[in-house]
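Asks: below is the structure, and that's it, no one-letter string:
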């Protein structure tokens, strides 16, 4: 599919080519017509000169004592000729340029005084433009009709037209280049507002703005207003959906609390099997509710994040909280995060992601937690490592699946790393989980 710029350029090239070809044809036709008009005037002048110089001898023969002075009339087959015919006496006078050739003037009974124009075959089968005029002159034996004709080689017109066409070709090429360049400049200037809209949409995608702002041409104003209305409607729908999802999840928490209490009551009455079944079902439902509560807080997509997040700030907020827990106070914290690592993730989503990973490291660590973050090859790489027992090869394959717990004795719902997986999919992050060299678990996140 051709772009708008390519389409306009193609139309411009075709239009300029067709227009210049048509202009060239018209200009050559006008040049030819004016040249033929000038030739007709020249031939008419020769006829008038010859007619005015005609004389009659004493015996009645027509004579031309003062012949035209144009040198071409004296050069054999020069391309310019004249001929006088006296049909009454069958006499004929010709220019020296005709040599031994006589113009085959037609016997069409033309009117006296009128000028006829036609084409005849000339010497060496050349095409001649001929003008003929029939005049009445006074001869010794009375009035007599005399035919006077002047002719010129038509190839002169063709040669001149061809030369004119070749002369204008460079100017037409230069004109074509100018018109195409002007079209490109016009196209570039005309499409500049579209580039502004594209930049505005990129700013919206990168959360630098929440609407299209700026000065746009009148023709694009409806489009800009429609996009802004669409963005506003989208934000409202997302906010409403997240609110309803959170309300639904919160609404389910109260019945779940009742189920846990009922299970405790049944266990006190000795109905242990039924109580365990209720607890199991309540745990499964609570796991779903907790996950949906978390998902309702996530941005709908990477493009809908509220703003970008500073990695060092998010890590600092989470670790300060975890260090105050009984478990966190017993650990050594090795935190080395480069400043200024701003990443295109919603701050709340980043804290959810980091909170689950770091909390998991704290839960399983024996004595230390290591958190390092650096910029490598244009990407930001975060390393979170503990010195706990690590995971089995089978466990590493399922550790990020929903509800999977590698150790049922340790408190938890099994959805923490599943939420991490959801966030990673949302923002197209790369997360590698493997056993560290010291036996703990190493999580590497590449933003």
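Replies: Arrived safely. Since this is a predicted model, take the numbers as computed values, not measurements. Residues are numbered from 1 along each chain as shown.
Asks: now the strands for the chain?
Replies: Ranges of strands in the chain, per DSSP state E, are 55-56, 62-63, 80-86, 91-94, 115-121, 127-139, 142-153, 309-310, 332-337, 342-343, 368-376, 379-386, 430-435, 441-446.
Asks: looking at those strands, spot the one closest to residue 273.
Replies: strand 441-446 (35.9 Å; Cβ to Cβ). Where C-beta positions appear, they are placed from N, C-alpha and C, glycine not excepted.
Asks: partners of the closest one in the sheet?
Replies: strand 379-386 (antiparallel), strand 430-435 (antiparallel) (DSSP bridges).
Asks: okay if I get the ones you listed as a markdown table plus mean neighbour count?
Replies: Below are those laid out as a markdown table (neighbours: other Cβ atoms under 10 Å):
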| stretch | mean neighbour count |
| --- | --- |
| strand 379-386 | 19 |
| strand 430-435 | 15 |
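Asks: can you flag the weakest of the ones you listed by average pLDDT?
Replies: Ranked by mean pLDDT, the strands paired with strand 441-446 end with strand 430-435 at the bottom, a mean of 86.
Asks: ok, back up a step: deepest of the strands of the chain, which one?
Replies: strand 80-86 (a mean of 23; mean count of other Cβ atoms under 10 Å).
Asks: that one pairs with which strands?
Replies: Partners of strand 80-86, by DSSP bridges, with direction: strand 91-94 (antiparallel), strand 142-153 (antiparallel).
Asks: how about the strands paired with strand 441-446, which one is nearest residue 340?
Replies: Using Cβ to Cβ, the nearest of the strands paired with strand 441-446 to residue 340 is strand 379-386, at 10.3 Å.
Asks: quick one on the thing from earlier: ok, which of the strands paired with strand 80-86 comes nearest residue 258?
Replies: Of the strands paired with strand 80-86, nearest to residue 258 by Cβ to Cβ is strand 142-153, at 117.0 Å.
Asks: now that closest one against strand 127-139, angle please.
Replies: 160 degrees (axes from the mean of the first three to the mean of the last three Cα atoms, to 10 degrees).
Asks: and the strands of the chain as JSON lines, adding distance to residue 272?
Replies: JSON lines is the format used below for the strands of the chain (distance: least, Cβ to Cβ, whole Å):
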{"stretch": "strand 55-56", "distance to residue 272": "152"}
{"stretch": "strand 62-63", "distance to residue 272": "149"}
{"stretch": "strand 80-86", "distance to residue 272": "132"}
{"stretch": "strand 91-94", "distance to residue 272": "141"}
{"stretch": "strand 115-121", "distance to residue 272": "124"}
{"stretch": "strand 127-139", "distance to residue 272": "123"}
{"stretch": "strand 142-153", "distance to residue 272": "126"}
{"stretch": "strand 309-310", "distance to residue 272": "48"}
{"stretch": "strand 332-337", "distance to residue 272": "43"}
{"stretch": "strand 342-343", "distance to residue 272": "50"}
{"stretch": "strand 368-376", "distance to residue 272": "39"}
{"stretch": "strand 379-386", "distance to residue 272": "36"}
{"stretch": "strand 430-435", "distance to residue 272": "37"}
{"stretch": "strand 441-446", "distance to residue 272": "35"}
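Asks: beta partners of residue 145?
Replies: residue 136.
Asks: the chain should start at 154 in everything you say after this.
Replies: Fine by me, first position is 154 from now on; the one you just mentioned is residue 298.
Asks: quick one: it and residue 267, what's the gap?
Replies: According to Cβ to Cβ, to the nearest Å, residue 298 and residue 267 sit 13 Å apart.
Asks: can you list residues touching both of those two?
Replies: Counting by Cβ atoms under 8 Å, 6 or more residues apart in numbering, the shared contacts of residue 298 and residue 267 are residue 287.
Asks: mind checking which of the strands of the chain is nearest residue 384?
Replies: Closest among those, once you apply Cβ to Cβ, is strand 462-463, at 21.6 Å.
Asks: re the thing from before, format the strands paired with strand 233-239 as JSON lines; extra columns: distance to residue 418.
Replies: Below are the strands paired with strand 233-239 laid out as JSON lines (distance: least, Cβ to Cβ, whole Å):
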{"stretch": "strand 244-247", "distance to residue 418": "141"}
{"stretch": "strand 295-306", "distance to residue 418": "126"}
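Asks: now distance to residue 349 and mean pLDDT too, for those strands, in JSON lines please.
Replies: Below are the strands paired with strand 233-239 laid out as JSON lines (distance: least, Cβ to Cβ, whole Å; pLDDT from 0 to 100):
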{"stretch": "strand 244-247", "distance to residue 349": "80", "mean pLDDT": "87"}
{"stretch": "strand 295-306", "distance to residue 349": "65", "mean pLDDT": "88"}
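Asks: nearest to residue 193, out of the ones you listed?
Replies: strand 295-306 (9.6 Å).
Asks: ok, residues contacting the closest one?
Replies: 192, 195-197, 199-200, 203-204, 207, 215, 232-241, 256, 258, 265, 273, 275, 279-291.
Asks: what do you get for stretch 322-342?
Replies: Outside stretch 322-342, the residues touching it (Cβ under 8 Å, 6+ apart) are 158, 161-162, 165-166, 169-170, 173, 176-177.
Asks: out of these, flag the one nearest to residue 392.
Replies: residue 158 (38.5 Å).
Asks: what's the pLDDT at the closest one?
Replies: Residue 158 is given a pLDDT of 76.
Asks: cool, residue 359 as well?
Replies: 67.
Asks: quick one, which of the strands paired with strand 233-239 is nearest to residue 532?
Replies: Comparing the strands paired with strand 233-239 by Cβ to Cβ, strand 295-306 comes nearest, at 82.6 Å.
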